[in-house]
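Trainee: My questions concern the predicted model and sequence given below.
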Protein chains: 2
Amino acid sequence: MAKVYISDVGMTKFGRRKESLQTLMYEAYAHAATAQQPEFDAIFVGCMNPDEFVGDSNFATLIVDHLGLYQTPSVRIDNAPASGSAALEQAFFSVASGHYEKVLVLAGEKMSGLLTSIATRILSKLIDKYERNTGATMPALAALVTRRYMHDYGLSREELALAAVKNHHNGTLNPYAQFQKEITVEDVLKSKMIADPLRLYDCASISDGACAVILTSSKTDVKVTGIGHATDFLSLQYRDSLTSFNATKVAAKRAYERAHRQPKDIDVAEVHDAFTILEIVNPEDLGFFKPGEGVAALINGKTGLSGELPINPSGGLKARGHPVGATGLAQICEIVWQLRGEAGKRQVSANIGLCHNIGGFVNNNIVTILESC
Amino acid sequence: MAKVYISDVGMTKFGRRKESLQTLMYEAYAHAATAQQPEFDAIFVGCMNPDEFVGDSNFATLIVDHLGLYQTPSVRIDNAPASGSAALEQAFFSVASGHYEKVLVLAGEKMSGLLTSIATRILSKLIDKYERNTGATMPALAALVTRRYMHDYGLSREELALAAVKNHHNGTLNPYAQFQKEITVEDVLKSKMIADPLRLYDCASISDGACAVILTSSKTDVKVTGIGHATDFLSLQYRDSLTSFNATKVAAKRAYERAHRQPKDIDVAEVHDAFTILEIVNPEDLGFFKPGEGVAALINGKTGLSGELPINPSGGLKARGHPVGATGLAQICEIVWQLRGEAGKRQVSANIGLCHNIGGFVNNNIVTILESC
């Protein structure tokens, strides 16, 4: 298996953007590819639902066309909100196989062109049809998880808010983040109720944005050392637990095995905090903390920028924003910048980083480990 | 690069099916996997647009769930009507890299659940937005190509109909084909006008169906020896030619190079005859015949079941049916059956076969070469 390295990365500012999705992808590509000959063996496009969010099908070809890279093979990868990391995974296989030597991975989504109610309806199709038809939405499922975690581990509403406060703080240091303002626990508790006990500031936003990553078989200073991927029951009701997710645990185990690493080796992580409760549950499932101890790590600053294991230095989905298909690749960009010492005011000390991207409601997850070399 | 073999294949009958898309995929999987332990390192799902055709997102997980293959990594591949072959391509990379040893490729589409006018509108989103907004549809673009080919090479309306007649004949010998009846040139010429000069019997159908292919690194009797993939301008108006397509020519060149083969080595081919004119143009672009000579090959029976180079022994998209995401993998199934001598009444003599699958309107194409070994 050929080794796979990352050369350049780039992204757009996330937020409510006026540009088309293909223009956002071009912006991310141009940001990544400044030092590159615009020649790639293939393009892998991660995007969850351009058909409905922006009304374009045949999207892989549209991107080739917009970038002027005619003849280059191109394919679109959909893995729900884990489409960005899934595109990286497929691109990784193509280079690891020796079939290709240099490939472009693009990921993005444009969600703000629709009414929020319509975007929410599109997102709800990620949920099992029977749960969906009883009224379940993504925030409603996250609320169930939150209630159960509160019951099992004594998490308080105020403690939960700290996840949003931390990530909004990190977001103020990230020029690509959608939200660049500090918030307080009080702000979270006063924000609009979405699905009891989750309020507006507990939920990732509707957002637009795109990212680009160039993978190569030529040695660079960042190597992809392990990718793990696992699925679970589509429906939440059949899972083993409401406060711990097999798709994360198995994906993490597979990634650690590929990379010959353990949780204690990880210096920095980007985890999929689509809801504040996931900022607590994900690090537990990734093996960083024992069940129920994710809260303490948050409270005592262990996962803050100057803590032992900084989590979501970028601001995470909460503050960076969550254009669904883009998120997994945004995590990769952030970890590459952290490993290269290019993360500006949010820089932490790290040689090994981990990205954790969730598809669906925690049922199709990908864990990627990157290392300095 | 590890060698990649095909073990088992299976498919559903194509046509207007009452079952859900996931049930069709299960049927194809069960057909393929009779001799298999139901354990796969990953599942690659080719499907063009489940979000709109059947109203389900997070489709890769839904398939894992429906097949009961929890924890297995799964991803959806969209490459417009070349989604089936693109799923095979991505699966090929994963096995060729050594990352996985045995993977399941599924591809399918369910289109008949919607009004034909709505399905047509969904399909039209494959076309460049500016062409689409001037009223272009897929049949309209194919009609332009037909008119130009008639002008350049003197193709007659009656000769064109022979492509449909041949493929409907082959379809009568294929139990999986949507249409199992002979038609005459007169039937074609009397059928409803769709886009002048193309009539109903010149166009592939709205269809439902699914296919399954199991790829493995363990030696079997069929090897994937070459995959080539190429794109072109999204818009038809910018192409070099209206009667020859770069995306096919370049994809074919790449596939032949990978397989160390030439057009003359191919014993049997499945080509993407979404419209009758493509049954003539594709073999020329694949290097089987010189420009303008595809018609003669059709007229003199060279591409018939008992000809020198049988094309679309399955009945092609025209008679087998064209559930868009499934088509590329249906071609693979047919060639595997032909190489194994399992093609029943439509059996031809072949050791090397080629599949040609088109995404969009001939702008994102994949050519796959399979060989007996």
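Mentor: Nice, I can see it.

Trainee: Tell me which stretches of the stretch 51-200 of chain A form helices.
Mentor: Per DSSP state H, counting those that start in this stretch, the stretch 51-200 of chain A carries helices over the ranges A:59-67, A:83-96, A:116-124, A:129-133, A:138-153, A:157-172, A:185-190.

Trainee: Which helix or which strand is home to residue A:215?
Mentor: strand A:208-216 (DSSP states H and E).

Trainee: returning to what we had before: I'd like the helices of the stretch 51-200 of chain A as JSON lines, with distance to chain B and mean pLDDT appended.
Mentor: (Each C-beta comes from the backbone N, C-alpha and C, glycine too.) Output for those, formatted as JSON lines (distance: least, C-beta to the nearest C-beta, whole Å; pLDDT from 0 to 100):
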{"stretch": "helix A:59-67", "distance to chain B": "4", "mean pLDDT": "97"}
{"stretch": "helix A:83-96", "distance to chain B": "4", "mean pLDDT": "98"}
{"stretch": "helix A:116-124", "distance to chain B": "7", "mean pLDDT": "92"}
{"stretch": "helix A:129-133", "distance to chain B": "7", "mean pLDDT": "92"}
{"stretch": "helix A:138-153", "distance to chain B": "11", "mean pLDDT": "97"}
{"stretch": "helix A:157-172", "distance to chain B": "25", "mean pLDDT": "98"}
{"stretch": "helix A:185-190", "distance to chain B": "28", "mean pLDDT": "98"}
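
Trainee: Pick the most deeply packed of the ones you listed.
Mentor: Of all the helices of the stretch 51-200 of chain A, helix A:83-96 has the most neighbours on average by mean count of other C-beta atoms under 10 Å in any protein chain shown, namely a mean of 29.

Trainee: what's the angle from it to helix B:83-96?
Mentor: Angle of helix A:83-96 versus helix B:83-96, following axes from the mean of the first three to the mean of the last three C-alpha atoms, to 10 degrees, is 60 degrees.

Trainee: between the helices of the stretch 51-200 of chain A, which one is nearest to residue B:101?
Mentor: helix A:83-96 (13.1 Å; C-beta to C-beta).

Trainee: How far off centre is that closest one?
Mentor: Relative to its chain's centre, helix A:83-96 lies at 14 Å (C-alpha atoms, centre = their mean, to the nearest Å).

Trainee: Tabulate the helices of the stretch 51-200 of chain A in JSON lines, adding columns for distance to residue A:199.
Mentor: Compiled in JSON lines, those are given as follows (distance: least, C-beta to C-beta, whole Å):
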{"stretch": "helix A:59-67", "distance to residue A:199": "34"}
{"stretch": "helix A:83-96", "distance to residue A:199": "27"}
{"stretch": "helix A:116-124", "distance to residue A:199": "16"}
{"stretch": "helix A:129-133", "distance to residue A:199": "22"}
{"stretch": "helix A:138-153", "distance to residue A:199": "10"}
{"stretch": "helix A:157-172", "distance to residue A:199": "8"}
{"stretch": "helix A:185-190", "distance to residue A:199": "6"}
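
Trainee: Relative to residue A:366, which of those helices is closest?
Mentor: From the helices of the stretch 51-200 of chain A, taking C-beta to C-beta, the stretch that ends up closest is helix A:83-96, at 4.1 Å.

Trainee: With residue B:8 as the reference, name the closest of the helices of the stretch 51-200 of chain A.
Mentor: Closest among those, using C-beta to C-beta: helix A:83-96, at 21.7 Å.

Trainee: Could the C-alpha coordinates of the closest one be exported in CSV?
Mentor: This file holds the C-alpha atoms of helix A:83-96, laid out as CSV (Å, rounded to 0.1, in the frame of the first residue of the first chain):
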residue,chain,number,x,y,z
SER,A,83,-19.3,13.3,3.0
GLY,A,84,-16.2,15.4,3.4
SER,A,85,-14.2,12.8,5.2
ALA,A,86,-15.7,10.0,2.9
ALA,A,87,-14.4,11.9,-0.1
LEU,A,88,-11.0,12.0,1.5
GLU,A,89,-11.2,8.3,2.3
GLN,A,90,-12.0,7.4,-1.3
ALA,A,91,-9.2,9.6,-2.6
PHE,A,92,-6.9,8.0,-0.1
PHE,A,93,-7.7,4.5,-1.5
SER,A,94,-7.0,5.8,-5.1
VAL,A,95,-3.5,7.0,-4.1
ALA,A,96,-2.8,4.2,-1.7
